[in-house]
Every structure is written in C-alpha cells, then in structure tokens.
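**Student:** With the input below, show me the fold.
(chains A and B)
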Number of protein chains: 2
Amino acid sequence: MARIVMKFGGTSVADIGRIENAANRVKREVEAGNEVAVIVSAMAGVTNQLVGYVEETSKLYDAREYDAIVASGEQVTAGLMAIRLQSMGVDARSWLGWQIPVKTNEMHGKARIEDIDTAEIVRRFENKEVAVVAGFQGVSPRGRIATLGRGGSDTSAVALAAALNADRCDIYTDVDGVYTTDPRIVPKARKIDRISHEEMLEMASLGAKVLQTRCVEIAMNHGVRLQVLSSFEDKPGTLVVDEEEIVEQQVVSGIAYSRDEAKITLVKVADIPGVAANIFGPLSEASINVDMIVQSVAADGARTDMTFTVARSDLDRAVELLSANHPGIGYESLLSDGDIVKISVIGVGMRSHAGVAQTMFRTLAEKGINIQVISTSEIKISTLVGEEYAELAIRALHTAYGLDAA
Amino acid sequence: MARIVMKFGGTSVADIGRIENAANRVKREVEAGNEVAVIVSAMAGVTNQLVGYVEETSKLYDAREYDAIVASGEQVTAGLMAIRLQSMGVDARSWLGWQIPVKTNEMHGKARIEDIDTAEIVRRFENKEVAVVAGFQGVSPRGRIATLGRGGSDTSAVALAAALNADRCDIYTDVDGVYTTDPRIVPKARKIDRISHEEMLEMASLGAKVLQTRCVEIAMNHGVRLQVLSSFEDKPGTLVVDEEEIVEQQVVSGIAYSRDEAKITLVKVADIPGVAANIFGPLSEASINVDMIVQSVAADGARTDMTFTVARSDLDRAVELLSANHPGIGYESLLSDGDIVKISVIGVGMRSHAGVAQTMFRTLAEKGINIQVISTSEIKISTLVGEEYAELAIRALHTAYGLDAA
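**Tutor:** The predicted model follows:
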C-alpha cells in the first residue's frame, strides 16, 4: 500500500470524457490498495475565459476578487471528478481550498501555501475515501480565496504530497515525461527515466515547460518523489527523485533553452564601488529580473563593460530606466539585443566530470557559433548565442553529449 | 438613508455590459446615501451549463457535489460585480455563502436558510462598502456548500433583507413588475403598483412565474417590503407589501393560471373511514403532490366519487400507483384527464366583498365554459376548466373583474 497524490492538468480534464479517463486511473490506484488524493486543474480553457471576464470588466482589478472568480474553475472540476468516481463505485469527496484548509499568505494572485491541514483527509483514507482537491487555491488569513498563480495546481499537488508525506506525486499531463531537450527541435530527444530534483529545477527554470519551478522547489525541499506522465498513454513517465535514487548518473541529463532573453551592455562603466548598485537598483525596484551578469575589465583597468540579460518583455522598460539613470551610472554607451537565446546544459554529473564546459565550447565553435555570454553553476552551464543559431546549437550539443536516441 | 437589498437575476447579469448596467443602479443607490447589499445570480445560461456537466458525468449524483459545482456560477458573478463597482469608485467586496456565513440545513440541492450572520456586512456599511453576495448558496452544518434550489437567489435576497432588517428588497429582473395576469394572454393586462404579500404568495403558487413561492413566503413572514422591477428600464415596478400599506384595495388583484395540472377521478369509492388515507398515502410516499380535492357523495350515500389534481408530469405515475392499489381502495373505475387548466382569481378584497365567486361562475357560464372542479380559500377562488378554454376564460375574467387597462 502506498499513499499517492495524482494531479490532472487542464487538458487531462478538458471534457467529461477525459474526466472519466482520469477517474479510471484513480480507480486503478485505489483498487491496487493505495490511499489516493487527487488534485485537479480547471477544464482546459476555463481559466482563460474567467480571466477574460475579469479583464473585460475592468483593466485594473482587485486581486482578491480575481481570485474568487478564477478559483471557481477548479471547483467545478473537483465536483465533477468526485461524482464520476462515485458513479464508478469509488468513494470520493471534493475539497476546496477553504474546506481543507490550504492556508496561504495574503499575496492574492500568487499566494504561497503556508500550511495544509491533512487531518480530515487522512482520517477518511481509512474508509478508502479519495480526496478530490481543487488545485490552484487556498484561503488567506482573512478568509478570502487566494490563488497560487498560473500553473499553481502543480504546486498544490506537491505541497499536498509533502503535507501527506505521500510516497509519490504523479503529475498527469499531455506529454509523457521530461525529455532530454525539446523534441520539436531535436527529433532524437529521449524521454528521461529518472532525473534529480536539482536537475529538474534547472530544467524548469531554464525553459523546460513541463513543470513549474516552484513545484519542483517544494518537491526538492520536502523530498517528494514526482512522476511526470501522460494521462492519455499507459506507460511510465519521468521520475523526479533525490539524487541518491539515481544509480547510473548521466554527466549531462538535458539541454534547456529559453528565447525569452534580451541582452544589455553598458559600455565603459566607471569601475568604482557602488556602480553595480546604481545599475541594478532601479531595475530591481521596477521588478525587472536580471539574470546573467558579466563584467569585463578594460585594458586600462579603470573602466569596464557590464553585460546582463533581462526577460525580453522587460527590455524596453529596462533600456528606458537605464537611460534615465545615465548621469548616476555614467556609462559611455548602451547596447541592447533582443535576438538571442540562452542554451543550458544540465547534469549533476558535472560535479565529478571535468571537460563538460570544454565540450560545449568546442561543439559551438565547430559550428561557427559565437558565444556571447557564459554563466555556470555547479550543475549547469548556460551560454547566450544569437537566436538564429538556436536549433543548430541545441542539436549539435544534444549529439555531442551523447543524448541522441539510438 | 435607507438599507436596501438589490437582487439581479441571470438575464440582468448575462454579460459584462449588463453587469455594468446593474452596477450603475447600485452606484445610484449608494450615492443617494443608502446602505446597499447586492445579491447576484449566475450569468444567464451558466447554471444550465453546469447542470449539464453534472448530468453528463453521471445520471445519479451526490447532491453535495452538485451543489459545489453549480454554486460556482454565482461566485463568478459576485466577483465581477465587485470589480465593476470598485472600478466605478464604489467600495465593494464579494461574499460567498460560507464567508458570511449563510447557514443552511443539510438538504443539499434544496437547502433552507437557517441563519445569516450579518455582523461583518453591517460593520462595513459604516465605511460605505457594498456587500456583493453570491445568491443561491449557503453552507451546511458540515461545512459543505449547499444550494437553495432553482430560483434560490430570490430567496437569498429576501432572507438577507430580513436578516439585515432592510427597508426594501428590490428584485431586478427582465420584466417590469407583476401583472394582473399574463400579458401574453391578455394584452390589456396592467402592471400592479402594490400587492399584498398574501396575494403575491397565491399568485406565485398559482402560476405567476415572476417570484418564487418561498421567497414571497419569507418576505411575508418577516415583513420584508419587496419590489419587482426591470433592470433594463427606469421606472417603478410592483411593490409587494403588508396589506395595511395598501390604501385602495382591489377586490380582485390578479388572475393566475397553471397548465401543469392533471385531474384524476376515482368513481364510486367506498365511503368508509380510512379510504382517503388509502388513496393519498401511496401518492405522498411517492412524493406526488395532490392539490385540489373534491369529494361528491352519491345519491345512495354509501359510495362517493373522489376527484383530485396532480402535476401533469406526475399523472402517469399517479395512475399507475392507484391502479396497483385498486384492491385496497376499492373504486369502480378511474378516469384521468391531462387537458385541463387551473384558473384562479386572487384578492384580499374577497374577504369583505360578497359576489366574487358568483362573478366568476356567471362569467364562465356565459362563455359556455364548464367548471370541472372548484376550490376556494380566503383570498382566492380556483377553478379547473378544459385547457382549450384557457385563453377565453382568462380574458373574460380579466374584463369581468375590471382589471383591463384603459
């Protein structure tokens, strides 16, 4: 007997037929003797429709009311899933955020879960009752519905799995797992059988869209074993587990990329204390996240070039802010480039294997691809290259690291 | 300054434009210095869609899950209305049944309101905050969402008005008031300016669809002044008030009718104690409501004919049950007729005016319409006639009682 959290995303519960399909999977786990909690998203399209209503009503809106409105989508799916399970002879009950309760902070629209009271759900496990929990929602200290932000149902699932001390959290979706890279770019991309939390976290933050960063973060911090798998096919997916659970470690597990990048270079910035604060202070105040930062000291040692990246959608605002702060920063000129892509190779094996970076640089050089910026961490190397080289670079690296399927 | 509850039905909040229109009416009341609570229905069509999902999921379903699903419609409208009011500079906050709370009993799908805690709403009235309350829903003793049955938002509104001790409860709808009879049948039907709770209750139970019986019942019991008016036109509607508030009392206020009637006659039933129980017991156990009952004693005094009406949709089941119980009841034959209509004249003035019944009988006789069954109460006379005579009878009575518009 195991305790399992099963999460079904919007496409997996898009209509009554698919809810039935998902319910069949739940039934199978129950019949195998497991204790099961199910987390459901809104039916595909519903959340967008509700957000559309809100935006049509008023351009500026109260996040508390937004939350009350959009949380209704998961409420409907949870009820339907409970009814469907009941009609199949599986005892089930729906739970909304305020009923459990899933306690969050007051950050409406992107609330964080602070506590989940699982006592009643666990009590009912004893009677073989399945808990069908509306994802994406909790209740604030003031008794208001609070949502966790888009994709928040994954977070709900992992947080519930952690609170329940579940043996596994299965994330059912419309892909059959996590791939070594985007199969639309590399047809030879392979499904990964097992990947560590840390690698998955890098994959998610660096552009792999199958799991939200926050959800992987919580899984890592609480040691939740995640599985990403298809709700439409009957085969194992990708297990996201603690590093120790992975016997045969790959040096490089996957290659992620992100086109949502833009590069800014401030040429000949005065190399004096406090200049970095002058540059990044105003950006931070404007909620513009800065990612890679490279500082190259000029030959004379007195002036330096500062290069960094921001999200492409923030580029215009960032340039505007930096221009407005020109006097305080004191740079010679400002260059910006939105036609770039960040490509990252990820693998915990890097820690013990030398030469991973060298393989990347050599491979890109052989294809005549110029690396504009490099940044590394313990388990990943990211490079910035011209966007036109994206596919070429990703395919070449995929082959170079031996990731191509046979 | 007055305290007002404003209720907007599904067609009055059918889309964002109509929600804006309704919000404008709320704003006007707030600017007039009033304390305002708003009750909203689901956007027109939404509840039917949700019920459709439920029925597609399973023919038999758990009423608790049904309630969680269908209550989401009002939740969306409440949030949208709050956002719209806020964007117009009116302080507003949405409230769901469990947040207030509106406490109900456990009769899911047709729950009864047992208590409404208005403390917080009243406290916020002091800050000119409008309470936007999701209609149709409350919370059961076990913390489950409970709905009040179709049309329950009217009930929510009146119950809230009673709990708030409101000066008035305005029911905004797609008609501009209560008419002396159905204007589709009698073009000369007049809008009633004022009608007593008791008369309105009879009108509602006897077929006028503009207000639900239960809502009028609560208004009567708690002395809530109701107004039925159009959300699309700017003119006074119909006031439903205590009888004492109506200075010039009409003898007959209105004519109601119902086609949802069927007549059953048991010929030559033994006139012995307990026979009525033998007839109506099985019907009651099968949840078949019996309305008019007439017993006519035969010449020999030993046997009697028993005629009564049931809802047309229950006719087949009723006949089946009575046939099955033939031995226990012991009638000679069973006649049934689904082609009948019940026509009722209603007016508190009947109490003090003789001849109201006589006018009805004479009018119908003059048109050659045979009265099949008569039943009377203090303020209404109902007759059963052949359905083909419905329009003729209603028009003739409308004229005979002086109700035609000039």
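**Student:** Only C-alpha atoms from now on, for both contacts and neighbour counts.
**Tutor:** OK.
**Student:** Can you give me the buried ones in stretch A:26-38?
**Tutor:** Going by neighbour count (16 or more other CA atoms under 10 Å in any protein chain shown), the buried part of stretch A:26-38 is A:26-27, A:29-30, A:34-38.
**Student:** For the nearest residue to residue A:77 once chain neighbours are set aside, what are phi and psi?
**Tutor:** Closest residue to residue A:77 apart from its sequence neighbours, by CA to CA, 6 or more residues apart in numbering or on different chains: residue A:42 at 5.9 Å. The phi and psi values for residue A:42, taken as degrees, to the nearest 10, are phi -70, psi 150.
**Student:** Do I have it right that residue A:42 meets residue A:8?
**Tutor:** No. Checked against CA atoms under 8 Å, the pair residue A:42 and residue A:8 is beyond contact range at 9.3 Å.
**Student:** Around chain B, pick out the residues from chain A.
**Tutor:** Applying CA under 8 Å from any CA of the partner chain, one finds that chain A approaches chain B through A:16, A:20, A:50, A:53-54, A:56-58, A:60-62, A:65-66, A:68-70, A:72-73, A:75-77, A:79-80, A:82-84, A:86-87, A:93-94, A:99, A:143-144.
**Student:** Is it possible to mark the buried ones in those?
**Tutor:** Neighbour-count burial within the residues of chain A next to chain B applies to A:16, A:20, A:50, A:53-54, A:57-58, A:61-62, A:65-66, A:68-70, A:72-73, A:75-77, A:79-80, A:82-84, A:86-87, A:93-94, A:99, A:144; the criterion is 16+ other CA under 10 Å.
**Student:** Helices - which of those land there?
**Tutor:** Mapping those onto helices (DSSP state H) picks out A:16, A:20, A:50, A:53-54, A:57, A:65-66, A:68-70, A:72-73, A:75-77, A:79-80, A:82-84, A:86-87.
**Student:** pLDDT score for the residue in the stretch 201-350 of chain A positioned nearest to chain B?
**Tutor:** Nearest residue of the stretch 201-350 of chain A to chain B (CA to the nearest CA) works out as residue A:231 at 18.4 Å. Per-residue confidence (pLDDT) for residue A:231: 94.
**Student:** With residue A:299 instead?
**Tutor:** pLDDT for residue A:299: 65.
**Student:** and stretch A:326-335, what's its mean pLDDT?
**Tutor:** Computed over stretch A:326-335, the mean pLDDT rounds to 89.
**Student:** Contacts for it next, please.
**Tutor:** A:264-270, A:275, A:278-279 (CA atoms under 8 Å, 6 or more residues apart in numbering or on different chains).
**Student:** By neighbour count, which of those residues wins?
**Tutor:** Counting neighbours by other CA atoms under 10 Å in any protein chain shown, the top entry in these is residue A:269, with 24 neighbours.
**Student:** That one contacts residue A:305, correct?
**Tutor:** Yes. Residue A:269 is within contact range of residue A:305, at 5.9 Å (criterion: CA under 8 Å).
**Student:** Common neighbours of the two, please.
**Tutor:** Residues touching both residue A:269 and residue A:305 (CA under 8 Å, 6+ apart): there are none.
**Student:** still on that earlier bit, could you tell me which of the buried residues of stretch A:26-38 are located in helices?
**Tutor:** Going by DSSP H, the helices hold A:26-27, A:29-30 from those.
**Student:** what does the domain assignment say about chain A?
**Tutor:** Following automatic domain parsing, one gets these domains for chain A: A:3-174, A:265-331.
**Student:** Mind telling me what element residue A:344 is part of?
**Tutor:** Per DSSP states H and E: residue A:344 is located in strand A:340-346.
**Student:** Next secondary structure after that strand?
**Tutor:** Heading C-terminal from strand A:340-346, the first helix or strand you meet, by DSSP H and E, is helix A:356-366.
**Student:** Poorly predicted segments of the stretch 301-406 of chain A, please.
**Tutor:** Across the stretch 301-406 of chain A, the ranges flagged by pLDDT under 70 are A:301-302.
**Student:** Helices of that one, residue ranges please.
**Tutor:** Applying DSSP state H, counting those that start in this stretch to the stretch 301-406 of chain A gives helices spanning A:315-324, A:326-329, A:356-366, A:390-400.
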